[in-house]
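Novice: this one's structure only:
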């Protein structure tokens with residue numbers, strides 16, 4: 001973890017974060033161009049999220065990761081947010097790090113099929129960001145199989161199949177057995193998996209806290225305020241991330257954020 005002076009960073013990943021790298025966002029960026037991003041983000045002015053997570057764009061859009069982060073930053077500056085969201089650069093690979101967000105997430109795939117390579121990559125990225133003076137946080141990322149399309153950079157690490165393996169305390173197992181020190185962990189339940197989203201009871205089992213478990217951010221399949229509140233009530237969960245609902249129904253995303261923050 002690097003030294004960070006932005007006070008908003010200290011409270012994150014608490015609350016609701018919004019993924020910008022949704023299908024609609026990429027489609028608008030490709031078809032209309034940067035000017036459309038401001039309008040895409042405008043509904044969030046009514047209920048500012050804790051953060052905007054700009055996922056890696058490499059191989060998805062003609063715009064580079066650095067350019068996408070810059071476009072989102074320019075749009076945020078044009079909008080009248082009562083509290084401007086933290087802009088987080090979340091690349092899926094070290095080569096895609098933009099270093100232009102308020103914070104960069106260095107992601108380690110907890111279920112990697114090549115843990116030594118994964119650890120070397122994360123360490124090299126941390127060192128590079130530290131030398132450049134860019135603030136960063138290190139994340140342990142656990143992706144459940146969801147039957148949907150997965151970026152090659154993510155799929156190559158392997159997925160945790162559903163139903164969950166008969167191992168109690170799933171997230172604790174992965175986090176505790178990694179030599180890396182994580183600032184937070186992310187569990188992606190998958191967006192619209194055929195078997196339905198992971199129940200809160202199963203989620204509680206998977207995230208069974210232990211003394212050294214970092215804050216947990218949960219994403220995937222969160223479509224309404226009731227789901228959001230139920231997930232945030234699970235012990236160990238500090239925040240949630242929404243993407244598809246923002247892509248399809250921005251006002252519902254606003255309602256989710258408002259219900260959590262009000």
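Specialist: Thanks, I have the structure now. Everything numeric here is computed off the predicted structure, so don't read it as measured data. Residues are numbered from 1 along each chain as shown.
Novice: For the host helix or strand of residue 245, the averaged confidence score.
Specialist: Using DSSP states H and E, residue 245 sits within helix 244-248. The pLDDT scores in helix 244-248 average 88.
Novice: So which bits of that helix are buried?
Specialist: By neighbour count with 16 or more other Cβ atoms under 10 Å, helix 244-248 contains the buried residues 244, 245, 246, 247. (Each C-beta comes from the backbone N, C-alpha and C, glycine too.)
Novice: C-terminal to the helix or strand of the chain with the lowest mean pLDDT, what's the next element?
Specialist: Every helix and strand of the chain was ranked by mean pLDDT, DSSP states H and E. The lowest is helix 152-155, at a mean of 47. Sequence-wise, the next helix or strand downstream of helix 152-155 (DSSP H and E) is helix 170-176.
Novice: helices or strands up against that following helix?
Specialist: Using 3 or more Cβ pairs under 8 Å, 6 or more residues apart in numbering; DSSP states H and E, the elements in contact with helix 170-176 are strand 136-143, strand 184-188, helix 200-206.
Novice: Would you reformat those as JSON lines and include mean neighbour count, distance to residue 225 and mean pLDDT?
Specialist: Putting the helices and strands packed on helix 170-176 into JSON lines (neighbours: other Cβ atoms under 10 Å; distance: least, Cβ to Cβ, whole Å; pLDDT from 0 to 100) gives the following:
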{"stretch": "strand 136-143", "mean neighbour count": "23", "distance to residue 225": "25", "mean pLDDT": "87"}
{"stretch": "strand 184-188", "mean neighbour count": "24", "distance to residue 225": "20", "mean pLDDT": "89"}
{"stretch": "helix 200-206", "mean neighbour count": "18", "distance to residue 225": "14", "mean pLDDT": "79"}
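Novice: hang on, the earlier thing: which of the buried residues of helix 244-248 lies closest to residue 132?
Specialist: residue 246 (30.5 Å; Cβ to Cβ).
Novice: Ignoring the adjacent residues along the chain, who's closest to the closest one?
Specialist: Leaving aside its sequence neighbours, residue 246 sits nearest to residue 253 (Cβ to Cβ, 6 or more residues apart in numbering; 4.0 Å).
Novice: could you dump the helices and strands packed on helix 170-176 to JSON lines with distance to residue 30?
Specialist: Putting these into JSON lines (distance: least, Cβ to Cβ, whole Å) gives the following:
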{"stretch": "strand 136-143", "distance to residue 30": "25"}
{"stretch": "strand 184-188", "distance to residue 30": "24"}
{"stretch": "helix 200-206", "distance to residue 30": "34"}
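Novice: Show me what counts as buried in stretch 29-47.
Specialist: Quick answer for stretch 29-47 (16+ other Cβ under 10 Å): 29, 34, 36, 37, 38, 40, 41, 44, 47.
Novice: Ok, stretch 11-31 next?
Specialist: Here stretch 11-31 shows 12-22, 25-26, 28-29 as buried, counting by 16+ other Cβ under 10 Å.
Novice: and it, how far apart are its ends?
Specialist: For stretch 11-31, the first-to-last residue distance is 35 Å (Cα to Cα, to the nearest Å).
Novice: one step back: just give me the closest of the buried residues of stretch 29-47 to residue 186.
Specialist: Closest approach to residue 186 among the buried residues of stretch 29-47 (Cβ to Cβ): residue 44, at 20.7 Å.
Novice: three-state assignment of that closest one?
Specialist: helix (DSSP: H, G, I helix; E, B strand; the rest coil).
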